[in-house]
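Engineer: Sharing a model prediction with you, sequence too.
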Amino acid sequence: MNAITVPRPAWMTEDLVMLEEQARRFMHGEFVPHLDKWHEDHLYPREVWTKAGQAGLLCASMPEEYGGAGGTFAHEAIINREYSLAGFDTFGAPLHSGIVAPYILRYGTEEQKKRWLPKLATGELVGAIAMSEPGTGSDLQGVRTTAVKKGNGYVLNGAKTFITNGQHANLIIVVAKTDPKERAKGISLMVVETDGAQGFRRGRKLKKLGMDSADTSELFFEDVKLPAESLLGTEEGQGFAQLMQELPQERLIVALHAIAMCERALALTIDYVKQRDAFGKKIIEFQNTQFELADCKTEVTVGHVFIDHCIERHVKGELDTVTASMAKTWATDLLGKVADRCLQLFGGYGYMDEYPISRLYRDARVMRIYAGTNEIMKLVIARSL
């Protein structure tokens, strides 16, 4: 799938080229043949996680001493790109490996890292982060979930929604107020091991416009008793600062995903228009088709190069929130345009669910919403003017 041609970036070392090839072979052998069925079932099976763990595709950037592969974000980027190029956009591994695990690595105690990271790397534990609540949206300072100290631990109460990996997750980082009187300074991150946790309940697997097989869910915590060790780190009130420090990586993950989806949409469409006949000639032979795809290829190439630049900066520890926000809003806005243009070239077939471009078009829409809406991204960028 080479809809665009760009030179390998400087950060793409030989071991990353090998990882790319390994990940591609594995996904096309183990996952791609089942994507249509999982789409129809509206859920992919739990065993996907253990298979990915066995293949070394989970927590690639975690240190070897904690069960990871000892790589960098570049390793995660390669793997995530292959998920998207393969069409497995609904898999929650980028969040599991690139968001949940790093929170534990950077802010957890040594005991917490040794307890949870190796199991995340094997897929024995599936990670999620529970931020959004009914009625709060992007206002994380206004969360109503509480973790109240009681005895030697905490009691957790609250409801969360739009939670990626919600049906499969058994290790959930919950954004909660340990001091309800405060806003940002009252927030802490609580790590909940759900297996056997009384008072924890999974709600609906939410029906969505797209991402059909993703297990996006409601979660409920009703007097869930947690040990003191469930507080991520050693100090209450650090949760909001921890969340803010991880935003560049989260937004870069979304941007990377969006550009890979653009490339897949373009490749699917080029293949289709070269085969489809209309008025006695191939659709690719019409000037309108050529101009539309020329615009798409140009913009996707520009986006790909920009995202490669952001990955390089992030691996060096130089990616700031403003640049990450630009990457997220540019890539996801572009995805919306490219998916729309490509679907149009499929004609009526593009509107049919059995055609991958139809699914991609629907799946693309949420990218401008999660990890911070693009309107919020623009506010972040505007502050730097």
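Structural biologist: Structure received.

Engineer: hey, where'd the strands end up in the stretch 1-150 of the chain?
Structural biologist: With strands called from DSSP state E, counting those that start in this stretch, the stretch 1-150 of the chain shows them at 127-130, 146-150.

Engineer: Arg276: which of those is closest?
Structural biologist: Closest to Arg276 of these is strand 127-130 (C-beta to C-beta; 41.6 Å). (Glycine included, C-beta is placed from N, CA and C.)

Engineer: Direction included, what does the closest one pair up with?
Structural biologist: Strand 127-130 pairs in its sheet with strand 171-177 (parallel), by DSSP bridges.

Engineer: Could you list every helix and strand in contact with the following helix or strand past the partner strand?
Structural biologist: Using DSSP states H and E, the next helix or strand after strand 171-177 towards the C-terminus is strand 187-193. Contacts defined by 3 or more C-beta pairs under 8 Å, 6 or more residues apart in numbering; DSSP states H and E place strand 187-193 against helix 101-107, strand 153-163, strand 171-177, strand 217-227, helix 239-245.

Engineer: ok, and what's touching strand 187-193?
Structural biologist: 103-104, 107-108, 112, 116, 125, 140-141, 143, 147, 154, 156, 170-178, 200, 221, 224, 226, 230-233, 236-240, 242-243 (C-beta atoms under 8 Å, 6 or more residues apart in numbering).

Engineer: Quick check: the residue of the chain positioned farthest from its centre vs Phe286, distance?
Structural biologist: Computed with C-alpha atoms, centre = their mean, the maximum C-alpha offset from the centroid of the chain is found at Gly280, amounting to 43.5 Å. According to C-beta to C-beta, to the nearest Å, Gly280 stands 11 Å off from Phe286.

Engineer: rewinding a little: any quick PyMOL command for the buried ones out of the contacts of strand 187-193?
Structural biologist: In PyMOL syntax, the buried subset of the contacts of strand 187-193 is picked out as below (16 or more other C-beta atoms under 10 Å):
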select buried, resi 103+104+107+108+112+116+125+140+143+147+154+156+170+171+172+173+174+175+176+177+178+200+221+224+226+230+231+232+233+236+238+239+240+242+243
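
Engineer: Where does pLDDT dip in the stretch 51-200 of the chain?
Structural biologist: 137-138 (pLDDT under 70).

Engineer: if we can go back for a sec, nearest to Pro33, out of the helices and strands packed on strand 187-193?
Structural biologist: Shortest distance between Pro33 and these, using C-beta to C-beta, is found for strand 217-227: 26.2 Å.

Engineer: thinking again about what came up before, looking at the strands of the stretch 1-150 of the chain, which is nearest to Ser358?
Structural biologist: Per C-beta to C-beta, nearest to Ser358 of the strands of the stretch 1-150 of the chain: strand 127-130, 28.1 Å.

Engineer: Now for the closest residue to Gly56 other than its chain neighbours, how many residues are close by?
Structural biologist: With sequence-adjacent residues excluded and distances taken as C-beta to C-beta, 6 or more residues apart in numbering, Gly56 is closest to Ala69, at 5.9 Å. By other C-beta atoms under 10 Å, 20 other residues sit near Ala69.

Engineer: Please enumerate the helices of the stretch 201-350 of the chain.
Structural biologist: 239-245, 247-275, 287-315, 321-346 (DSSP state H, counting those that start in this stretch).

Engineer: Now do the third one against helix 247-275, angle only.
Structural biologist: So that's helix 287-315. Helix 287-315 and helix 247-275 are oriented at 150 degrees to each other (axes from the mean of the first three to the mean of the last three C-alpha atoms, to 10 degrees).

Engineer: In helix 287-315, which residues are buried?
Structural biologist: By neighbour count on 16+ other C-beta under 10 Å, the buried set for helix 287-315 is 289, 292-293, 296-297, 299-301, 303-304, 306-308, 310-315.

Engineer: helices or strands up against it?
Structural biologist: Looks like helix 287-315 contacts helix 73-86, helix 247-275, helix 321-346 (3+ C-beta pairs under 8 Å, 6+ apart).

Engineer: go on, the shortest one?
Structural biologist: In this structure, helix 239-245 makes packing contacts with helix 101-107, strand 171-177, strand 187-193, judged by 3+ C-beta pairs under 8 Å, 6+ apart.

Engineer: Name the surrounding residues that touch the second one.
Structural biologist: Spelled out, that is strand 171-177. Contacts to strand 171-177, defined as C-beta under 8 Å, 6+ apart, come from residues 100, 103-104, 116, 119-120, 125-131, 140, 143-147, 156, 158, 160, 163, 186-194, 219, 221, 232, 239, 243.

Engineer: so it versus strand 217-227, what angle?
Structural biologist: Angle of strand 171-177 versus strand 217-227, following the same axes, to 10 degrees, is 80 degrees.

Engineer: I'd say Ala267 and Asn2 touch.
Structural biologist: Yes - with contacts counted by C-beta atoms under 8 Å, Ala267 reaches Asn2, the gap being 7.4 Å.

Engineer: From the neighbour counts alone, determine which of these two ranks first.
Structural biologist: Using other C-beta under 10 Å, the more surrounded residue of Ala267 and Asn2 is Ala267, with 16 against 7.

Engineer: Spit out the contact partners of Glu222.
Structural biologist: Going by C-beta under 8 Å, 6+ apart, Glu222 touches Asn157, Gly199, Phe200, Arg201.

Engineer: ugh, typo on my part, it should be Met261
Structural biologist: Counting by C-beta under 8 Å, 6+ apart, Met261 has contacts Ser84, Asp89, Leu335, Ala339, Leu360, Asp363, Ala364, Met367.

Engineer: From the residues you listed, pick the one nearest Arg25.
Structural biologist: Ser84 (16.2 Å).

Engineer: Assess the claim that Ile284 and Asp277 are in contact.
Structural biologist: No - look at Ile284 against Asp277 with C-beta under 8 Å: they stay out of range, at 10.5 Å.
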